[in-house]
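*Asks:* sequence and computational prediction follow.
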Amino acid sequence: MVAPADAIVPDHPPSLPDSATSADSADLARFGYQPVLHRKLGRYASFAAGFSFVSILTTIFQFFGFGYAFGGAAFFWTWPIVFAGQFLVALNFAELAARYPISGCIYQWSRRLAGEVVGWFAGWMMIIAQIVTAAAAAIALQVVLPSIWSGFQLIGTNSDLTSHDGASNAVLLGSILLILTTVINVVGIDWMARINSLGVTIEIIGVCAVIAVFFTHTDRGPGVVTHTDQAAPGAYWAAFLASGLMAAYVMVGFDSAGELSEETKNPRHVAPRTILSALAVSALGGGLILLGALMAAPSLSDGSLASGGLAYVIEAKLSTVPGKIILACVACAITVCTLAIQTAGSRLLFSMARDGRLPFAKPLAAVHPRFGTPVWPAVVIGAAGIGLLLLNLGNGAVFATLASVCIVMLYLAYLLVTVPLLIRRIKGWPADVAGDAAGTKLFALGRYGIAVNALAVVWGIAMAVNLAWPRSAVYTPTGGGWWMLWAAPLFVLLTVVVGAVVHRIVTPPRATAATEPTPQIA
């Protein structure tokens, strides 16, 4: 497999400082790409990229109250269910990361499995999803900063995210954060990696602290996870499915290690492991947080747990200063989460632009001669995220709407990888890989590949339908037009229609599907 004939070759290839980096760069060159990004990420930095995208402190703090409001304490069981389904997806991604260590992994994997058109739409949908996800993550600052200091409530006095003042202030704080993460992404992978790794370390410490606080201040036993009395009215199965939005929103983005493959040392071996470990560690830590919060909450029935979420439990169990320190850890997690999402999105934009598959491809594929980063992709992701927030200024439902839409888009982008992969497996895709250039065996599912892949596809389809279902309690909790109720399906349709127009513009008439006759280690 080589890059498309009309691929843009970025300027300023970096020097190769050591033999290991030279070998990785030579490996990339076999795919037809010139190594231009700085390969400086080690195993921990690669893990941090995936862990910070998942960011359990950010996402559970965002959505704990939402999950509890729908499913009551028994919504806890959505967590292991979603983890099991997403781990199936992650296993397939780990195998692809070992075979194709290229930036823009969702796009690159899909087009090598199913051809140029399917791959392009996988990349397009993933770009849109990452823009929406970055915006949704950035506004999470509103959940914690005003609780740390009232001065962070710059607009109005009501900090509740579902209020007009809270939603407006969330847009302001989120926009400031996106400007900051854009600057960090521009100045180099070194700064991004250092800040991200430091932030992840703080987040892990914060996770351990939160778990310790909850389990040493319990008011009830673990049997609380069987309680359904505080669930939303109606059939419990319907409320349970809706509550799964929380876990589904948390456990995505573990593929980020693959997005940064061209900046990772020994990516064929590092990326598969960090994809799986980022998801597994997040699932373990998040599960303990959920269980501990339910056991430690002062009350399950007065409405505070649904409205205040984890912040309510922490504030109730800790004095002011320790509680604010933990909330500061959450703010750090939100920052590095937004940074990781934007970094992954910028590498995907760069990868597609390098192949000449986006408008303004040449500047988007350019790498800064000093910083070694694709500057314009980072700027585009940041500006688009801010624009999306401004469009929802003052909308009290912006939080749930953005989150629901971005999750649906991510699941659909993942399906554009797992479905073609399953088809290729059925047609005889090699179950095992001999090894890399040095003969070292790479990660592979072997004879379990078809079964694991098929289950991942079924899971992805079921969750996409569940998440896109037009529930008024999710999309129009305070009232709104029909277009808000159908926000997810309409957004997907709009994305496909606009994508078809863009694809027609950027794809030369002579372009043909770029599939491989047999996937191979290049």
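*Replies:* Right, received. Where do you want to start?
*Asks:* please count neighbours and contacts with C-alpha atoms only from this point.
*Replies:* Will do.
*Asks:* I'd say L310 and F61 touch.
*Replies:* Yes: L310 lies in contact with F61 (CA atoms under 8 Å); the separation is 5.8 Å.
*Asks:* so which of these two has more stuff around it?
*Replies:* Legend: neighbour count by other CA atoms under 10 Å for L310 and F61, higher for L310 (26 against 23).
*Asks:* low-confidence ranges, the stretch 251-400 of the chain, go.
*Replies:* 392-400 (pLDDT under 70).
*Asks:* what's the longest helix in this structure?
*Replies:* helix 320-354 (DSSP state H).
*Asks:* mind listing what the residue nearest to W376 when sequence neighbours are not counted touches?
*Replies:* Among residues not flanking W376 along the chain, L364 sits closest, at 5.4 Å (CA to CA, 6 or more residues apart in numbering). Shown in contact with L364 (CA atoms under 8 Å, 6 or more residues apart in numbering): L349, F350, A353, R354, P374, V375, W376, P377.
*Asks:* ok, G286 next?
*Replies:* I56, L57, I60 are the contacts of G286 under CA under 8 Å, 6+ apart.
*Asks:* sticking with the second one, tell me its helix or strand.
*Replies:* Yep, that's L57 we're talking about. L57 belongs to helix 56-71 when elements are defined using DSSP states H and E.
*Asks:* that helix vs helix 320-354, what angle?
*Replies:* Angle between the axes of helix 56-71 and helix 320-354 is 100 degrees (criterion: axes from the mean of the first three to the mean of the last three CA atoms, to 10 degrees).
*Asks:* and stretch 133-146, how far from the chain's centre?
*Replies:* Between the centre of stretch 133-146 and the centre of its chain there are 14 Å (CA atoms, centre = their mean, to the nearest Å).
*Asks:* er, stretch 85-92 actually
*Replies:* That offset, for stretch 85-92, works out to 14 Å (CA atoms, centre = their mean).
*Asks:* what's the next secondary structure element after the helix or strand of the chain with the lowest mean pLDDT?
*Replies:* Lowest on mean pLDDT, DSSP states H and E among the helices and strands of the chain sits helix 19-29, with a mean of 73. The helix or strand immediately downstream of helix 19-29 is helix 43-54, counting by DSSP H and E.
*Asks:* hmm, who's touching that next one?
*Replies:* Outside helix 43-54, the residues within contact range by CA under 8 Å, 6+ apart are 193, 196-197, 200, 250-257, 260, 264-265, 270-271, 274-275, 277-279, 282, 333, 336-338, 340-341.
*Asks:* so what's G292 up against?
*Replies:* Counted by CA under 8 Å, 6+ apart, G292 has contacts I211, F214, F215, T218.
*Asks:* mind doing that once more with 7 Å?
*Replies:* By CA atoms under 7 Å, 6 or more residues apart in numbering, the residues touching G292 are I211, F214, F215.
*Asks:* same check, this time on L389
*Replies:* Neighbouring residues of L389 by CA under 7 Å, 6+ apart: A135, V171.
*Asks:* what are the buried residues along the host helix or strand of it?
*Replies:* Using DSSP H and E, the element containing L389 is helix 375-391. Going by neighbour count (16 or more other CA atoms under 10 Å), the buried part of helix 375-391 is 375-389.
*Asks:* so what's the residue count around Y448?
*Replies:* Look at Y448: counted by other CA under 10 Å, it has 10 neighbours.
*Asks:* kindly report the same for the one 3 residues further on.
*Replies:* Neighbour count of A451, defined by other CA under 10 Å: 13.
*Asks:* and it, how far from E95?
*Replies:* According to CA to CA, to the nearest Å, A451 and E95 sit 14 Å apart.
*Asks:* next helix or strand past the helix or strand in which P80 is found?
*Replies:* P80 belongs to helix 78-99 when assigned by DSSP H and E. Once the chain leaves helix 78-99, the next helix or strand it forms, by DSSP H and E, is helix 105-114.
*Asks:* give the rounded mean pLDDT of that next one.
*Replies:* Mean per-residue pLDDT for helix 105-114: 94.
*Asks:* quick one, it and helix 78-99 angle?
*Replies:* 70 degrees.
*Asks:* picking that back up, buried ones among the contacts of helix 43-54?
*Replies:* Using 16+ other CA under 10 Å as the burial test, those include 193, 196-197, 200, 250-257, 260, 264-265, 270-271, 274-275, 277-279, 282, 333, 336-338, 340-341 as buried.
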